[in-house]
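Chemist: based on what follows, work out the 3D shape:
(one chain, ligands or ions: 1)
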Amino acid sequence: MSRTAPSSLRTPATRSGKDPALIRVNHLTLDFPLFHGGARSLKKTLFRRAKQPLATIRAARTGGEVMVDDSSSGVVSVRALSDVSFTIRAGERIGLIGHNGAGKSTLLRVLGGIYVPAPGMLRVTGSVETLIDTNSGMNPELTGRENIFLQAQHKALRTAQLRALEKDVEDFAALGEFMDLPVRLYSSGMAIRLGFGLATAIAPQILLMDEWFMAGDAKFQDKALQRLAGVVNGADILVITSHSLDIISEWCTRVIWLESGRVKMDGPAAAVLAAYTEAMSHHE
Ligand SMILES: Nc1ncnc2c1ncn2[C@@H]1O[C@H](COP(=O)(O)OP(=O)(O)OP(=O)(O)O)[C@@H](O)[C@H]1O
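Modeler: Numbers count the residues shown, from 1 in each chain. Just a heads-up that it's a prediction; the model follows:
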């Protein structure tokens with residue numbers, strides 16, 4: 001069984017003469033509008049708590065800031081990211097940590113081009129692969145095998161590379177006859193196997209990954225970790241969100257700690273994890 005992507009598929013930028021990967025984020029803010037003036041009851045509740053014309057209610061360590069705009073529009077929104085700035089260079093492995101609703105997944109989706117921030121500046125240099133949603137980039141009506149062909153087409157692979165990709169993903173996902181059945185029939189664990197196998201078959205320059213992608217049965221996790229190690233070694237940049245400080249300390253060189261959408265601390269993994277653990281111990 002193949003546990004790492006075939007070397008013929010690997011094209012890390014730093015070894016292929018492309019520009020090194022880079023992520024630059026400047027003063028990035030992202031709001032999710034919740035409702036407009038029509039839906040009054042939540043708004044009234046929020047105003048009772050805030051008693052300010054333009055109120056910012058910061059929940060204690062859960063969620064982003066809830067913004068209530070008292071102008072005629074009456075928009076209520078959640079500020080998931082607030083004035084976030086950082087630069088990630090090739091060779092760095094970043095862990096995103098923070099409380100529930102701190103903005104980790106939202107930030108990952110912004111970096112992956114799924115959400116467009118406003119205002120703010122985002123510059124990403126290099127090929128990006130996201131391991132965020134099990135079905136991202138997959139057509140559920142097509143079979144697992146057809147989805148492999150689709151990705152190969154998307155990446156303009158030659159026939160020999162396509163065959164190598166097909167074999168590699170088929171071996172890794174170990175879906176048996178389900179490989180030739182539509183993806184919509186897969187269980188979530190089966191979809192993760194295929195999605196993970198596909199996304200990690202060709203090392204991207206930048207790999208963005210949500211921790212729950214490591215979910216699955218113990219045997220799969222073991223296989224996935226070994227395969228991921230190969231991809232991370234081939235990728236220029238890894239950004240991973242996790243609540244597991246063990247995973248973060250094992251995989252990351254640098255940690256960005258988010259609190260209510262803001263960067264609370266950004267630095268070497270050991271230092272940020274120590275500060276985070278210390279802060280958490282005061283909140284228990
Ligand atoms: N699609 C959405 N619509 C409205 N609000 C959203 C949406 N997605 C996220 N949010 C809000 O944005 C904030 C940040 O959410 P996000 O999912 O990024 O947090 P997280 O740090 O990944 O949390 P967790 O650790 O619980 O997964 C939360 O307050 C959440 O309620």
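
Chemist: in this protein, what helix or strand scores lowest on average pLDDT?
Modeler: Within the chain, no helix or strand scores below strand 54-57, which has a mean of 40 by mean pLDDT, DSSP states H and E.

Chemist: all strands in the stretch 51-200 of the chain, in order from the N-terminus.
Modeler: For the stretch 51-200 of the chain, the strands defined by DSSP state E, counting those that start in this stretch occupy 54-57, 65-69, 76-89, 93-98, 121-125, 128-131.

Chemist: out of those, which gets nearest to the ligand?
Modeler: strand 76-89 (3.4 Å; C-beta to the nearest ligand atom). The C-beta positions use only the backbone N, C-alpha and C, and glycine is treated the same way.

Chemist: any idea of the angle the lengthiest helix in the chain forms with strand 93-98?
Modeler: Counting by DSSP state H, the longest helix found in the chain is helix 218-234. Orientation of helix 218-234 against strand 93-98 (axes from the mean of the first three to the mean of the last three C-alpha atoms, to 10 degrees) gives an angle of 130 degrees.

Chemist: by contact count, what packs against helix 218-234?
Modeler: Taking 3 or more C-beta pairs under 8 Å, 6 or more residues apart in numbering; DSSP states H and E as contact, the helices and strands that helix 218-234 lies on are helix 188-199.

Chemist: pairing partners for the helix or strand following the helix it packs on, with directions?
Modeler: As assigned by DSSP states H and E, the chain's next helix or strand after helix 188-199 is strand 206-210. Using DSSP bridges, strand 206-210 pairs in its sheet with strand 128-131 (parallel), strand 237-241 (parallel).

Chemist: can you pull the residues of the stretch 1-150 of the chain lying near the ligand?
Modeler: Contacts of the stretch 1-150 of the chain with the ligand, taken as C-beta under 6 Å from any ligand atom, map to 32, 63-64, 78, 80, 98, 100-106.

Chemist: now a ChimeraX select for only the buried ones of these.
Modeler: Per 16 or more other C-beta atoms under 10 Å, the buried members of these correspond to this ChimeraX selection:
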select :63,64,78,80,98,101,102,103,104,105,106
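
Chemist: and the residues of the stretch 1-150 of the chain next to the ligand, which two are the farthest apart?
Modeler: F32 and G98 (16.8 Å; C-beta to C-beta).

Chemist: pLDDT below threshold where in the stretch 151-284 of the chain?
Modeler: 212-217, 284 (pLDDT under 70).

Chemist: give me every residue in it lying close to the ligand.
Modeler: So the stretch 151-284 of the chain never meets the ligand (C-beta under 6 Å from any ligand atom).

Chemist: please work out which of the strands of the stretch 51-200 of the chain is packed deepest.
Modeler: Ranked by mean neighbour count under mean count of other C-beta atoms under 10 Å, the strands of the stretch 51-200 of the chain are led by strand 93-98, which reaches a mean of 24.

Chemist: what angle sits between that strand and strand 76-89?
Modeler: Here the directions of strand 93-98 and strand 76-89 differ by 160 degrees (the same axes, to 10 degrees).

Chemist: mind saving the C-alpha coords of strand 93-98 as PDB?
Modeler: The C-alpha trace of strand 93-98 is given here as PDB (Å, rounded to 0.1, in the frame of the first residue of the first chain):
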ATOM      1  CA  ARG A  93       4.000  25.500   9.600                       C
ATOM      2  CA  ILE A  94       1.300  27.500  11.200                       C
ATOM      3  CA  GLY A  95      -1.100  26.400  13.900                       C
ATOM      4  CA  LEU A  96      -4.300  28.400  14.400                       C
ATOM      5  CA  ILE A  97      -5.600  28.100  17.900                       C
ATOM      6  CA  GLY A  98      -8.400  29.800  20.000                       C
END
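
Chemist: other residues contacting it?
Modeler: Strand 93-98 is contacted by residues 88, 104, 107-108, 232, 237-243, 245, 247-248, 251-259, 264, 269, 272-273, 276 when judged by C-beta atoms under 8 Å, 6 or more residues apart in numbering.
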